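Trainee: next come a sequence and a model predicted from it.
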2 protein chains.
Amino acid sequence: MPERADAARNRRAILRAAERLLADQGGDHVTLDRVAALAGVGKGTVFRRFGSRVGLLNALLEERSRTLRQAVADGPPPLGPGAPAHERLDAFLDELGRIAEGNATLLSAHEQACAEDKYSDPSYLFWHGHIAALLAEERPDLDAEFLAHTILAVFDGALVRRMTTPDDPRRFTRSVRSLATTLIAAPRPDTGRRVATERDGRWPAATIRDRP
Amino acid sequence: MPERADAARNRRAILRAAERLLADQGGDHVTLDRVAALAGVGKGTVFRRFGSRVGLLNALLEERSRTLRQAVADGPPPLGPGAPAHERLDAFLDELGRIAEGNATLLSAHEQACAEDKYSDPSYLFWHGHIAALLAEERPDLDAEFLAHTILAVFDGALVRRMTTPDDPRRFTRSVRSLATTLIAAPRPDTGRRVATERDGRWPAATIRDRP
DNA sequence: AGCATATACGGACTGCTGGTCCGGTTATGG
DNA sequence: CCATAACCGGACCAGCAGTCCGTATATGCT
């Protein structure tokens, strides 16, 4: 038995309410009490549906990016398989950038809520895997894993908001695409050998380190 | 009149207590009550000294990076003025990376607390300005402002922690330096002309956008 | 249609947080 | 030694995420 009708109705109501609050007030006004009140349900219902605040935000984000996820996995080129890696990456960042630009507040809220486990989030893992695979295909000599983290690190809600203005609404996306392009176009490092610089170990480590 | 003796003593006690909590427990255990208790002062005192939780974390971070800040501003090359920009950048990232590796938990806590106004933080502005200036000096054709944000975005507490293991304690720093090097070494883009791709505007924008 | 029951509901409740406030205390300069 | 400005402590507040359980209801079966 899939899901009771009232449950499904409430799930939608809650998501809509959260969207509404996110759009009207700031992201930090999306409290569970408020969401529940606006959705016309009890607070417990919100938790039963989404588990936690993070779960709710995740669901919202998931909803906004599901289409892209599918397009990337099964869709036609250049998003889907078939096109050259660099084209797929460019197409992908164009779309992901668009989503970010349209949901900067949601992005911020999600970041702040997730905090630690951001890197275990299935959604993050999927994007990361995709970017890393494409990068690696194009440039096996670079550290694709790290560079994928780098590209995703730039999708910071506050940064996106700072860069998105009415007269240049796609500046963020352009910058990210250009970053990826630059990385792919970079010349082979002369060799992989690790050059120890005179600076290594010159400064004393901080006296007190956390979590040693 | 600079500061009363007991005030100074308390300030130090509070910072030490915060350090201690940060190191012993996780970053989210650094609550103001706990800090005050461990420091042996009242909660009000913590606020009078540091204004807020963010202020306290800022002070801590500031304390750990003051040396680097000075070295960068006045010190001898390659950190200070005098060396070629790419050397200064490399030296700088080496040190900043070291600080990050030694204070990943503090970094996380600070990020989560700052959230929105991260990009107005004086400390952030200083690092950003420094990196952007060096990048621009070396590569006036690239978007130094954005790339500086990119490099700093990678200094995420959780990411640093993930990459820092006992058997390779400087992996994070190596990756960041290599990122910067790659960017500087990238070939000139063929021209600056903006190429509209067939993809522009193809996907519908998200139906509901926040903060339009 | 009527019933039994798994399922979902609501909102009071808890424990904790960041931040405020003010009556009492103490360092300090003259 | 005193006057006073600076500082102190901790009770207090509003708001938060998350829990719990008695009650209501949708659903599938007869």
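Mentor: Yes, it's here. Residues are numbered from 1 along each chain as shown, chains lettered A, B, ... in the order given.

Trainee: can you name the residues of chain A that neighbour DNA strand C?
Mentor: Neighbours of DNA strand C within chain A, by Cβ under 7 Å from any atom of the strand: A:1, A:3-4, A:6-7, A:9-10, A:36, A:40-45, A:47-49. From N, CA and C alone the C-beta is placed, and that goes for glycine too.

Trainee: kindly recompute the last result at 6 Å.
Mentor: By Cβ under 6 Å from any atom of the strand, the part of chain A that sits against DNA strand C consists of A:1, A:3-4, A:6-7, A:10, A:41-45, A:48.

Trainee: what is the burial count for the closest residue to DNA strand C within chain A?
Mentor: Residue of chain A nearest DNA strand C, by Cβ to the nearest atom of the strand: A:G44 (1.9 Å). A:G44 has 10 neighbours, counted by other Cβ atoms under 10 Å in any protein chain shown.

Trainee: returning to that earlier point: which of the residues of chain A next to DNA strand C fall in strands?
Mentor: Among the residues of chain A next to DNA strand C, none falls in strands (DSSP state E).

Trainee: tell me, which of those residues make contact with DNA strand D?
Mentor: A:1, A:4, A:6, A:43-44.

Trainee: closest to chain B out of those?
Mentor: For those, the minimum distance to chain B (Cβ to the nearest Cβ) is 22.7 Å, reached by A:K43.

Trainee: ok, back up a step: quick one: least confident of the residues of chain A next to DNA strand C?
Mentor: Within the set of the residues of chain A next to DNA strand C, pLDDT is lowest for A:M1 (68).

Trainee: check which residues of stretch A:109-125 are buried.
Mentor: Residues of stretch A:109-125 classed as buried: A:109-115, A:118-119, A:121, A:124 (neighbour count, 16 or more other Cβ atoms under 10 Å in any protein chain shown).

Trainee: phi, psi for the residue nearest to A:I151 when sequence neighbours are not counted please.
Mentor: The shortest distance from A:I151 to any non-neighbouring residue, by Cβ to Cβ, 6 or more residues apart in numbering or on different chains, is to A:I131 (5.7 Å). Phi and psi for A:I131, reported as degrees, to the nearest 10, are phi -60, psi -50.

Trainee: A:I131 reaches A:D90, doesn't it?
Mentor: No: judged on Cβ atoms under 8 Å, A:I131 makes no contact with A:D90 at a distance of 11.4 Å.

Trainee: looking at the two, which is more packed in?
Mentor: Set side by side, A:I131 and A:D90 give different neighbour counts by other Cβ under 10 Å, the larger being at A:I131 (24 against 21).

Trainee: can you list contacts of the helix or strand A:I14 falls within?
Mentor: In this structure, A:I14 sits in helix A:5-24 according to DSSP states H and E. Contact partners of helix A:5-24, identified using Cβ atoms under 8 Å, 6 or more residues apart in numbering or on different chains, comprise A:3, A:29-30, A:34-36, A:38-41, A:45-46, A:49-50, A:56-57, A:59-60, A:63, A:105-106, A:109, B:208-212.

Trainee: among the residues you listed, name the buried ones.
Mentor: Using 16+ other Cβ under 10 Å, the buried ones in those are A:30, A:34-36, A:38-39, A:41, A:45-46, A:49-50, A:56-57, A:59-60, A:105-106, A:109, B:208-211.

Trainee: give me the subset of those lying in helices.
Mentor: A:34-36, A:38-39, A:45-46, A:49-50, A:56-57, A:59-60, A:105-106, A:109 (DSSP state H).
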